[in-house]
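J.: Here is a sequence with its predicted model. Questions after.
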Protein chains: 2
Amino acid sequence: MTTGGPQRDEEQRPLRRAPQLAVLLEGGDRKGLLHDMTAAILRHSGDIVSVEIVERGARSAVYWELDGIDDPEGLERAFLDIDVVDSLRRLPTMFQVYGKRIIVVGAGAQVGQVALGAIGEADRHNIRGEKISVDTIPIVGEEDLANAVRAVARLPRAVAVVLAGSLMGGEVTEAVEEVKGRGILVVSLNMAGSVPKHADLVVTDPVQAGVMTVMAVASTASFDIARVRGHHF
Amino acid sequence: MTTGGPQRDEEQRPLRRAPQLAVLLEGGDRKGLLHDMTAAILRHSGDIVSVEIVERGARSAVYWELDGIDDPEGLERAFLDIDVVDSLRRLPTMFQVYGKRIIVVGAGAQVGQVALGAIGEADRHNIRGEKISVDTIPIVGEEDLANAVRAVARLPRAVAVVLAGSLMGGEVTEAVEEVKGRGILVVSLNMAGSVPKHADLVVTDPVQAGVMTVMAVASTASFDIARVRGHHF
């Protein structure tokens, strides 16, 4: 019932499920604070999944997502033992809050229609307990587009990218191959240029492209990308 | 010409501009790798802005965004001196690729219409050199909504949140106050519940809500949120 896309992802990438622990550490700020925190994580044999510096300067707020910790309470005490750390809060992970991400890039008019389809379909799955986000950037130009596609592989929780435009090729096609190699599902509108030839799935109607992408990544959907890979709709 | 929202942000949060350096380090993986990397960053007096673990296990791929480094080439050599690190690539930062983020949360039908307005308006600004992303999650239920609003403060590059629904209050309103305190601009549709009373801006038409939010955060727009804060449209 699950799809080829996400299976490929789960094997290759560490970020497609909720990590063990998410904590926000607040307090004062100083040089070396992050390094002291990574020392504590290492002593508790934790794997760092991601770090965000939420605040810096007069005060610090550092958000960690971590995996593989033997003794989470021990690590929390070690964090609080750092001189400038005042408080610690356990939080739901970004995966629990926003879930898997579909990224839509291209020309505004078409990105909007893909988003409309994807958001409508994600709503139906999220109501049944799934968590799927639909993230977009309207952007033009070969270089900016290629950068936006390539960076999808470095976005936390991203599982699919939809190329919404009328002409894409060259460096954008190279970027498509690169992110496919990182386990990202690539959906393209039917358009001019070489991108559709390299996509996992080509869909003519932008609303349907959004709907199908959500179906392909949702674990609540019975849509098997492996059965339709390379097809044009 | 710029707006109250972003000005408030830039003072309080470190993540609203492009950091100095973005690098992807690839190679083997082992315990303590991240800690060795933070040691190198500390020796070069770098400030960590964010870290993403892109790959882990047989191979490692770690994406760093850093600030305040005296000697970027020296730090790059120090990274490559770590035993398992094979290669290093400088990349455009996420801010350069995707820019500021507007987050739209709520019921699917309304989230879709807000997204349509925001994407259309972002397209017009992005063509003129701005970078604005429109990110969405269709989600229902007081707790899930409150979590989605609260987590906006921990999302990299997020500057505004739009609440798109028909009834929101209670814990969601508490979350609204919390993210306002972190410098996030809060826009609400005109709806039942206490959320509109706490929003920076209330807009009845969802398409216009999306358009106005983009205008409020774009540096290419001449829309001053300070002049309309607390208004209902």
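T.: The structure has been received and is ready for your questions.

J.: how about the helices of chain A, start to end?
T.: Secondary structure of chain A (DSSP state H): helices located at A:4-12, A:33-43, A:72-81, A:94-98, A:108-127, A:142-151, A:171-181, A:195-198, A:206-217, A:225-228.

J.: Among those, which comes closest to residue B:191?
T.: Distance to residue B:191, taken as CB to CB, is lowest for helix A:108-127 among the helices of chain A, at 16.9 Å. C-beta: built from backbone N, CA, C; applies to glycine.

J.: Dump the helices of chain A into JSON lines; add distance to residue A:66 as well.
T.: Listed next are those as JSON lines, based on distance: least, CB to CB, whole Å:
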{"stretch": "helix A:4-12", "distance to residue A:66": "19"}
{"stretch": "helix A:33-43", "distance to residue A:66": "6"}
{"stretch": "helix A:72-81", "distance to residue A:66": "8"}
{"stretch": "helix A:94-98", "distance to residue A:66": "13"}
{"stretch": "helix A:108-127", "distance to residue A:66": "26"}
{"stretch": "helix A:142-151", "distance to residue A:66": "24"}
{"stretch": "helix A:171-181", "distance to residue A:66": "26"}
{"stretch": "helix A:195-198", "distance to residue A:66": "36"}
{"stretch": "helix A:206-217", "distance to residue A:66": "25"}
{"stretch": "helix A:225-228", "distance to residue A:66": "31"}
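
J.: Can you say which of the ones you listed is nearest to chain B?
T.: Set against chain B and scored by CB to the nearest CB, these come closest in helix A:108-127, at 2.6 Å.

J.: Against which helices or strands is that closest one packed?
T.: Using 3 or more CB pairs under 8 Å, 6 or more residues apart in numbering or on different chains; DSSP states H and E, the elements in contact with helix A:108-127 are strand A:100-106, strand A:132-138, strand A:158-164, helix A:206-217, helix B:108-127, strand B:132-138.

J.: Let me have those in TSV, extended by distance to residue B:160 and mean neighbour count.
T.: Shown next, in TSV, are the helices and strands packed on helix A:108-127 (distance: least, CB to CB, whole Å; neighbours: other CB atoms under 10 Å in any protein chain shown):
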stretch	distance to residue B:160	mean neighbour count
strand A:100-106	18	28
strand A:132-138	14	29
strand A:158-164	21	29
helix A:206-217	23	25
helix B:108-127	9	25
strand B:132-138	10	29
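
J.: Mean pLDDT added to the ones you listed, as JSON lines?
T.: Shown next, in JSON lines, are the helices and strands packed on helix A:108-127 (pLDDT from 0 to 100):
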{"stretch": "strand A:100-106", "mean pLDDT": "97"}
{"stretch": "strand A:132-138", "mean pLDDT": "98"}
{"stretch": "strand A:158-164", "mean pLDDT": "97"}
{"stretch": "helix A:206-217", "mean pLDDT": "97"}
{"stretch": "helix B:108-127", "mean pLDDT": "97"}
{"stretch": "strand B:132-138", "mean pLDDT": "98"}
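
J.: where does the nearest residue to residue A:89 once chain neighbours are set aside land on pLDDT?
T.: Distances taken as CB to CB, 6 or more residues apart in numbering or on different chains put residue A:24 closest to residue A:89, at 4.8 Å, once the chain neighbours are dropped. On pLDDT, residue A:24 comes in at 96.

J.: likewise residue A:57?
T.: Residue A:57 carries a pLDDT value of 86.

J.: Near it, how many other residues are there?
T.: 10 (other CB atoms under 10 Å in any protein chain shown).

J.: same deal with residue A:129?
T.: Residue A:129, neighbours per other CB under 10 Å, totals 8.

J.: next one: phi and psi at it?
T.: Residue A:129 adopts backbone torsions of phi 100, psi -10, taken as degrees, to the nearest 10.

J.: got a list of what it touches?
T.: residue A:220 (CB atoms under 8 Å, 6 or more residues apart in numbering or on different chains).

J.: Quick check: beta-bridge partners of the residue nearest to residue A:89?
T.: Applying DSSP bridges to residue A:24 gives these bridge partners: residue A:63, residue A:89.

J.: Please tell me I have it right and it contacts residue A:62.
T.: Yes - contact criterion CB atoms under 8 Å: residue A:24 and residue A:62 qualify, at 7.3 Å.

J.: Just give me the residues shared between the contact sets of these two.
T.: By CB under 8 Å, 6+ apart, residue A:24 and residue A:62 have these common neighbours: residue A:54.

J.: of these two, who's got more company?
T.: Using other CB under 10 Å as the criterion, residue A:24 and residue A:62 rank with residue A:62 on top: 22 against 18.

J.: For chain B, see how far away that one is.
T.: 9 Å (CB to the nearest CB, to the nearest Å).

J.: ok, that residue to residue B:154 distance?
T.: 10 Å (CB to CB, to the nearest Å).

J.: what sits in contact with each of the two?
T.: A:24, A:52, A:54.

J.: Could you report the neighbour count for residue A:143?
T.: The number of residues packed around residue A:143, counting by other CB under 10 Å, is 11.

J.: That one: what's it in contact with?
T.: Each residue near residue A:143 by CB under 8 Å, 6+ apart is listed here: residue A:171.

J.: per-residue confidence for it?
T.: At residue A:143, pLDDT is 96.

J.: Tell me how far residue A:71 lies from residue A:173.
T.: Per CB to CB, residue A:71 is found 48 Å from residue A:173.

J.: What of residue A:143?
T.: Residue A:143 is 13 Å from residue A:173, by CB to CB.

J.: What of residue A:47?
T.: Counting by CB to CB - residue A:47 and residue A:173 are separated by 34 Å.

J.: Please apply the same query to residue A:21.
T.: Counting by CB to CB - residue A:21 and residue A:173 are separated by 40 Å.

J.: Ok, residue A:60 next?
T.: Residue A:60 sits 43 Å away from residue A:173, taking CB to CB as the criterion.

J.: who touches the nearest residue to residue A:93 once chain neighbours are set aside in this structure?
T.: Nearest residue to residue A:93, sequence neighbours excluded (CB to CB, 6+ apart): residue A:22, at 4.3 Å. Neighbouring residues of residue A:22 by CB under 8 Å, 6+ apart: A:63-66, A:90-94.
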